[in-house]
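Peer 1: build me a structure from this.
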Amino acid sequence: MSTVSLAGTGALTRLALRRDRLMLPVWALVTGGMVASGAGSLEGLYGTAAQRAELAASMTANSSMRSLYGPVFDDSLGALVAWRFGTFAAVLAAVMSLIIVVRHTREEEETGRQEMLSAAAVGRRAPLTAALLAALTANALVALVVTAGLAGQGAAGALALGLAIGGTGMVFATAAAIVAQLTESARLAKGLTSGVLGLAFVLRAAGDAGTADGSSPLTWLSPVGWAENVRAFAGERWWVLLLLAAATAAQTAVAYVLTARRDVGMSFLPTRPGPAAGRLATAGALAWRLQRGTLLGWALGFLLGGLVFGGMVEGAADIVGDNERARQIFERMGGQSALTDAFLATMVGLFGMVAALFAVGAVLRLHGEETSQRAEPLLAASVGRLRWAAGHLLVAFAGSALIMLLSGLGLYLSYGRDLGPILGASLAQLPAVWTLAGLAVLLWGAFPKAAVGAWGVAGVCLALGWIGPALDLPQAVLNLSPFGHLSKLPGQEAAWTPVLALTALAAALLVAGLAGLRRRDMAS
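Peer 2: Numbering: from 1, shown residues only. Below you'll find the model as predicted:
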């Protein structure tokens, strides 16, 4: 590889890190901090060696729990942290990495900024190298936070877990680098790489459900499975890290070969031109065409997620055993009711918080259409701003209702009882989902430069709902999320005042955002 092809890499790397100066450290610190704080929360739950041994034995015997979290390789506190948080931290690192790489490669080309930068002294491979270096920096920060936070449990285990999580992130960073060469759309590149990540998680889950020691061939087909098989705090397998390094190196080489064989803005899988009339003759039909693939993917994911979690309901008691502290956490997340209802309420609440990410993304598709100037030709014709926005907003609000309904259906089909209460609990999450979607509309419509802040708000709400109860945060802090005000259904008696208040707030945010859209100038 010639030095000419890498010219300008340093400047582009500094530019990428400057653009991500908020997102990158926040995401990395939240991911790493979640793992590092796990030792304290688990120690409070299982303070004695006997309690930890009982937990390890029950989780090893529970195939549903193995499919979700992976196998338990040891009953030490560090090993339990790796079991409980390692898989999800690796997935979060992978998501962070694919977003960074696509943002600084395909998205730059899609918006035309890369063509302007390439007019200067910038080598052909410099943009890709800069994106990968930004991802490497983020994953190194995650690994550093995990290692430092868990060093007290054993330096070797903490380092192994940090490297496993960061290494998984780099595998999917380089996978995203390949996919970014294949597609013309940044959104499609993110979607395809996310699909690969989802497949890796499913392979790992299926393998771990069948074996209790991580030895299934399906587990070894998944980079997420490689991360768990490093076996941090349980007789570390350092050689497994070589698999992550080899996959990263091989995919980087493929990405470099591909980027050298195409022009800026082009791809190996060009988008097929669509018809200018017929089904795409209206703004709403175009919005549906643009978002239908994303909605379908989320719908299938929520249905499958419901089926998986529904199968765990009967084993909910095995998760906590006789541990009163664990029971209290489930009750905080799922309400003061029977443990089965609390578990169902917890799962429904998690689905609701994740559905908010879909709704925010569907709303911000409008921001992407505007900044990429694809909206300008539409608005120059007889299509008004509100009519143009309405199609995307319908997908965001109605689509979130659809995926929540499917998650409830999946829970029922796998659990086999209480169809009405489960579907009702799923739909009861919608006022909070719509509130975050309405906030995204307000930010985009009235303050477009701050539109991406909607992702941060949704992420904070997800973190509060996911790890807030385990960290024993005050209820006042949990109530900063709209989900903190909803009744924990099924199990509790439904409280309609928060539902009506959040629905009214979502409507007010929506109206205010559309009013701002009518008054402001469009991006040029």
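Peer 1: low-confidence regions, the stretch 1-150 of the chain specifically.
Peer 2: Low-confidence segments of the stretch 1-150 of the chain (pLDDT under 70): 1-2, 4-5, 64, 111, 114-123.
Peer 1: repeat that for the chain.
Peer 2: 1-2, 4-5, 64, 111, 114-123, 263-281, 314-339, 467, 469-472, 523-524.
Peer 1: which one in it is furthest away from the centre?
Peer 2: Ser382 (37.6 Å; CA atoms, centre = their mean).
Peer 1: phi and psi next, for it.
Peer 2: phi -90, psi 20 (degrees, to the nearest 10).
Peer 1: do the same with Val460
Peer 2: Given degrees, to the nearest 10, the pair of backbone angles that Val460 has is phi -60, psi -40.
Peer 1: distance of it relative to Val26?
Peer 2: Distance of Val460 to Val26, given as CB to CB, to the nearest Å: 9 Å. All C-beta spots, glycine's among them, are computed from the backbone N, C-alpha and C.
Peer 1: what distance do you get for Gly301 to Pro71?
Peer 2: Per CB to CB, Gly301 is found 24 Å from Pro71.
Peer 1: same question for Ile422.
Peer 2: 29 Å.
Peer 1: more neighbours: which of these two?
Peer 2: More neighbours surround Ile422 than the other of Ile422 and Pro71, with 27 against 23 (other CB atoms under 10 Å).
Peer 1: that one contacts Tyr415, doesn't it?
Peer 2: Yes. Contact criterion CB atoms under 8 Å: Ile422 and Tyr415 qualify, at 7.3 Å.
Peer 1: what touches both of those two?
Peer 2: Leu344 (CB atoms under 8 Å, 6 or more residues apart in numbering).
Peer 1: ramachandran coordinates for the nearest residue to Met522 once chain neighbours are set aside?
Peer 2: Leaving out its chain neighbours, the residue that sits closest to Met522 by CB to CB, 6 or more residues apart in numbering is Glu370, at 6.1 Å. The phi and psi values for Glu370, taken as degrees, to the nearest 10, are phi -70, psi -50.
Peer 1: residues near Glu370, how many?
Peer 2: With other CB under 10 Å as criterion, Glu370 counts 22.
Peer 1: cool, the one 10 residues further on as well?
Peer 2: When neighbours are defined as other CB under 10 Å, Ala380 has 8 of them.
Peer 1: how near is it to Thr294?
Peer 2: 26 Å.
Peer 1: the one helix or strand Val179 maps to: how far from the chain's middle?
Peer 2: Using DSSP states H and E, Val179 falls within helix 155-182. Computed by CA atoms, centre = their mean, to the nearest Å, the chain-centroid distance of helix 155-182 equals 15 Å.
Peer 1: ditto for stretch 352-366
Peer 2: 11 Å.
Peer 1: same thing with stretch 21-34?
Peer 2: Here stretch 21-34 is found 13 Å from its chain centre; the criterion is CA atoms, centre = their mean.
Peer 1: list the buried residues of it.
Peer 2: 23-24, 27-28, 30-34 (16 or more other CB atoms under 10 Å).
Peer 1: put the alpha carbons of it into CSV.
Peer 2: Extracted in CSV, the C-alpha atoms of stretch 21-34 (Å, rounded to 0.1, in the frame of the first residue of the first chain):
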residue,chain,number,x,y,z
ARG,A,21,-16.3,14.4,20.3
LEU,A,22,-19.6,14.1,22.2
MET,A,23,-21.0,10.8,20.8
LEU,A,24,-17.9,8.8,20.9
PRO,A,25,-16.9,9.3,24.6
VAL,A,26,-20.4,9.2,25.9
TRP,A,27,-21.2,5.9,24.1
ALA,A,28,-17.8,4.4,25.1
LEU,A,29,-18.2,5.5,28.7
VAL,A,30,-21.8,4.3,29.0
THR,A,31,-20.8,0.9,27.5
GLY,A,32,-17.7,0.5,29.6
GLY,A,33,-19.3,2.0,32.7
MET,A,34,-22.2,-0.5,32.5
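Peer 1: could you shift the numbering so residue one becomes 90, and keep it that way?
Peer 2: Got it, first residue is 90 now, which makes that one stretch 110-123.
Peer 1: and for it, what are the contacting residues?
Peer 2: 106, 174, 177-178, 181-182, 185, 189, 223, 226-228, 230-235, 238, 251, 254, 545, 548, 552, 556.
Peer 1: quick check on those residues: which are buried?
Peer 2: Here, 16+ other CB under 10 Å leaves 106, 174, 177-178, 181-182, 185, 189, 223, 226-228, 230-232, 234-235, 238, 251, 254, 548, 552, 556 buried among those.
Peer 1: with that, I have no additional questions.
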